[in-house]
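Trainee: Next input, structure requested:
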Amino acid sequence: MSSPTYGRATPQGGVVLVGGAGRLAALPCGKVSKWIVLALWIVAVAVSFSPAGKLTGAQENDAVSWLPGKAESTEVLKATQQFSSPDEIPAVLVYERPAGITPADQQAVARHVAQFAQLEDVDREVIGPIPSEDGKALQVLVPINAGSGGWETIGERAEDIRRVAADRPDGMSFHVTGPGGFAADSQEAFAGIDGKLLYSAAAVVIVILLLTYRSPVLWLLPLMSAGVALFAAQAVIYYLATEADLTVNAQSAGILTVLVFGAGTDYALLLVARYREELRRHEDRHEAMAFALHRSGPAIIASGSTVVAGMLCLLFASMNSTRGLGPVAAVGIVVALAAMLTLLPALLVIFGRWVFWPLRPTYGSEDHTETSVWGRIGRRIAVRPRLTWVTTTVVLAIASLGILRLDPNGLSNEESFVGTPDSVVGEKVLAAHFPAGAGNPLVVVSNADKAAEVRTAMASTQGIASVAEPQVAGGLAYLEGTMTDAVDTQAAKDTVDRVRAAVHAVPDADALAGGGAAILLDTQRAADRDNKIIIPIVLAVVFLILALLLRALLAPVLLVATVVLSFGAALGISALLFDQVLGFGGTDVSLPLFVFVFLVALGIDYNIFLMTRVHEEAKTHGTRRGALIGVAATGGVITSAGLVLAGTFAVLATLPVVAFAEIGIAVALGVLLDTIVVRSVLVTALNLDIGRHLWWPSKLAKKRDPEPIEELPEQEPELAR
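Mentor: The predicted model follows:
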């Protein structure tokens with residue numbers, strides 16, 4: 001096949017596109033400018049290397065960085081700074097001898113207490129040993145000042161404590177639990193997370209790109225571009241965290257890695273697919289890339305902009321961790337877009353056609369769109385499009401019913417880990433011999449002159465076992481109450497509500513209630529509020545972008561509806577998997593919102609990839625024929641992109657943290673449903689059934705479709721293979 005040339009070379013080695021394509025698209029693929037683009041990215045990597053490596057140290061994994069900013073429990077944490085450091089986290093140590101604690105045991109633990117007091121970062125008095133009423137256990141509270149080290153420091157001190165406690169009488173068990181114990185186990189679970197996720201995501205991308213391109217070399221270029229984008233994004237985020245007070249924690253840093261690799265590779269797949277098409281039409285590879293950028297660039301930019309807009313909607317969240325994730329993810333997508341639209345094109349034209357070997361696309365070579373898998377699927381859908389979309393919708397709606405089994409009320413300490421770390425074992429031992437809330441008290445602060453009345457109100461509340469004498473400083477009183485129920489139970493949360501009602505009722509006390517159970521309660525309520533606020537905002541933003549891109553109103557409504565249906569089906573199936581297959585005890589409170597934002601923002605990506613092509617072809621061939629061309633030309637690209645994104649998010653499931661595993665599984669499942677079922681089958685069936693009316697109220701809605709649809713026009717571009 002031969003085709004006319006659409007551009008001309010310039011004396012400076014660039015390519016000027018005829019027909020309004022502009023010079024910008026040609027910048028990374030000029031014979032001279034490609035080297036300039038490469039040099040600029042090399043400089044960017046060199047500049048980014050050091051700050052990117054410091055991002056882990058800039059993370060804030062303390063309680064305030066995760067909590068709702070205006071919650072009562074957060075206010076209590078701030079108010080108690082004059083009584084203890086806000087970075088102080090108590091480790092609860094429990095010693096147990098089922099046959100009964102002996103005098104020798106008590107002497108050994110007393111020696112340990114003296115040694116604990118000498119440990120680094122233990123600034124206040126170590127409390128204990130406190131004997132249990134049944135005489136079978138001893139409790140020790142070690143206040144650890146994490147300082148700027150966060151849970152890294154907690155993990156190190158927990159190891160020091162275990163080394164000291166290793167010298168104990170035979171037959172007496174020992175566990176580190178309480179807030180310090182769980183922080184230490186969390187630190188261990190997240191240890192090396194950046195490297196694990198980076199290497200795992202890279203491995204997934206390599207495998208899928210090898211299968212997609214069937215080239216031993218080509219996969220290197222998208223992977224290299226994604227890696228460069230990740231380094232640059234981490235550097236930008238480090239500066240935002242240190243200079244602009246952006247909150248970054250282990251959660252957002254981990255998601256950044258999979259998002260940049262997944263979304264970045266998606267954009268690379270779309271660009272390379274279009275570049276391969278243009279190489280068959282243009283003898284000069286620089287010219288081919290210029291046209292590939294001109295034709296695929298708007299779709300890629302629109303897709304990335306949608307994801308960025310969706311992520312920035314998280315700024316409306318009340319949860320600090322959720323609000324911080326928005327800018328982190330948005331920066332990652334912006335940098336990934338920049339890399340895939342500049343660095344990757346430059347690398348592709350520098351290496352030349354041989355990089356596609358052994359499936360090297362030569363000028364004028366034959367394409368195989370008509371015989372492709374998605375070309376055949378499109379023809380089958382065209383036979384009964386209405387039956388196809390109705391059946392698909394019903395099946396997805398039934399799958400969505402699984403949401404009824406979802407329990408997004410938070411994970412208890414025991415349910416938060418895959419496996420049973422020492423802190424969980426210690427919590428059970430502690431609850432067997434002491435009041436269940438021991439070691440993690442309910443904290444109340446009030447005006448000092450009302451301390452006695454507040455203490456009386458607190459002590460008389462159901463669910464409070466005892467209240468310590470108040471500490472007074474700077475006009476404030478600090479009180480600690482031991483609850484009868486474990487801090488992570490619903491009964492403890494109910495106690496928090498009762499205590500708040502009681503202490504708020506004390507006149508002129510200005511009392512506030514916080515502590516571990518209050519933090520969990522406030523987090524749950526903030527997540528519920530964020531779901532109700534952010535989900536409608538995301539839908540509105542996505543609809544607006546689609547309406548502007550497609551210059552229509554009906555198509556965006558239907559596309560947003562398909563994404564919501566895909567989200568419901570993914571969450572419904574995931575709920576059944578979590579409960580019936582994986583045996584997870586609950587669901588993290590942030591799961592519905594995170595899965596919704598990722599699936600809607602990223603799912604719209606695939607809508608844009610498909611529908612911009614359908615829109616382009618509809619202008620020439622009509623909507624129904626354009627729908628068949630669109631699914632044939634993009635079906636393979638979308639499927640490959642979905643596999644990449646699903647694989648990178650599935651990497652999160654390898655972490656021994658249930659919340660991450662749930663997000664990874666749900667998003668991966670949703671992306672697969674979106675790419676294989678919703679985008680390529682459901683949306684194509686709707687396109688074929690509704691036809692030109694999709695584009696209402698634009699002029700394209702008046703362009704009648706030629707009938708009947710028997711076959712694709714000849715010489716349509718082939719799928720990305």
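
Trainee: could I get stretch 465-477 in CSV with only the CA atoms?
Mentor: Extracted in CSV, the C-alpha atoms of stretch 465-477 (Å, rounded to 0.1, in the frame of the first residue of the first chain):
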residue,chain,number,x,y,z
ALA,A,465,-13.5,1.1,83.3
SER,A,466,-11.4,3.8,85.1
VAL,A,467,-10.1,7.4,84.7
ALA,A,468,-6.7,8.5,85.9
GLU,A,469,-6.1,11.7,87.9
PRO,A,470,-6.0,14.7,85.6
GLN,A,471,-2.7,16.4,84.6
VAL,A,472,-2.9,20.2,84.5
ALA,A,473,-0.6,22.5,82.4
GLY,A,474,-1.1,25.8,80.7
GLY,A,475,-4.7,26.1,81.7
LEU,A,476,-5.7,22.7,80.3
ALA,A,477,-6.5,19.4,82.0
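
Trainee: Now that we're looking at the residue in the chain sticking out farthest from the centre, what pLDDT does it have?
Mentor: The C-alpha centroid of the chain is most remote from residue 103, which lies 51.9 Å away (C-alpha atoms, centre = their mean). You'll see residue 103 listed with a pLDDT of 90.

Trainee: ranges for the strands of the chain?
Mentor: 7-9, 15-17, 88-96, 127-131, 137-145, 173-177, 442-447, 464-467, 471-473, 476-483, 512-515 (DSSP state E).

Trainee: gap between the residue most central in space within the chain and residue 500?
Mentor: Nearest to the mean C-alpha position of the chain, by C-alpha atoms, centre = their mean, lies residue 255 at 4.2 Å. Going from residue 255 to residue 500 by C-beta to C-beta, to the nearest Å gives 33 Å. C-beta: built from backbone N, CA, C; applies to glycine.

Trainee: And for residue 252?
Mentor: 30 Å.

Trainee: Have a look at the two and say which one is more surrounded.
Mentor: Neighbour comparison, residue 252 and residue 500: the larger count goes to residue 252, with 26 against 21 (by other C-beta atoms under 10 Å).

Trainee: Please tell me how far residue 132 sits from residue 431.
Mentor: 11 Å.

Trainee: Report the contact partners of residue 417.
Mentor: 185, 189, 424, 656, 657, 658 (C-beta atoms under 8 Å, 6 or more residues apart in numbering).

Trainee: Chain neighbours aside, what residue packs nearest to the fourth one?
Mentor: The one in question is residue 656. residue 418 (4.3 Å; C-beta to C-beta, 6 or more residues apart in numbering).

Trainee: burial count for that neighbour?
Mentor: So residue 418, with other C-beta under 10 Å, has 17 neighbours.

Trainee: And for the one 10 residues further on?
Mentor: Neighbour count for residue 428, taken as other C-beta under 10 Å: 14.

Trainee: Relative to residue 132, how far out is the residue nearest to it when sequence neighbours are not counted?
Mentor: Of all residues not flanking residue 428 in the chain, residue 414 sits nearest, at 7.9 Å (C-beta to C-beta, 6+ apart). Remark: distance between residue 414 and residue 132 (C-beta to C-beta) = 21 Å.

Trainee: same check, this time on residue 451
Mentor: Taken as C-beta to C-beta, the span from residue 451 to residue 132 is 29 Å.

Trainee: Then residue 38?
Mentor: Residue 38 is 68 Å from residue 132, by C-beta to C-beta.

Trainee: Which one's more surrounded, the two?
Mentor: Counting neighbours by other C-beta under 10 Å for residue 38 and for residue 132 shows that residue 132 has the greater number, 19 against 16.

Trainee: What is the burial count for the residue nearest to that one when sequence neighbours are not counted?
Mentor: Of all residues not flanking residue 132 in the chain, residue 433 sits nearest, at 3.8 Å (C-beta to C-beta, 6+ apart). Neighbour count of residue 433, defined by other C-beta under 10 Å: 20.

Trainee: now residue 433: how far from residue 98?
Mentor: 10 Å.

Trainee: list the residues that contact both of these two?
Mentor: In contact with both residue 433 and residue 98: residue 136, using C-beta under 8 Å, 6+ apart.

Trainee: looking at the strands of the chain, which is closest to residue 202?
Mentor: Closest of these to residue 202 is strand 15-17, at 32.6 Å (criterion: C-beta to C-beta).

Trainee: Tell me which residues touch the residue nearest to the centre of the chain, please.
Mentor: 325, 328, 329, 652, 663.
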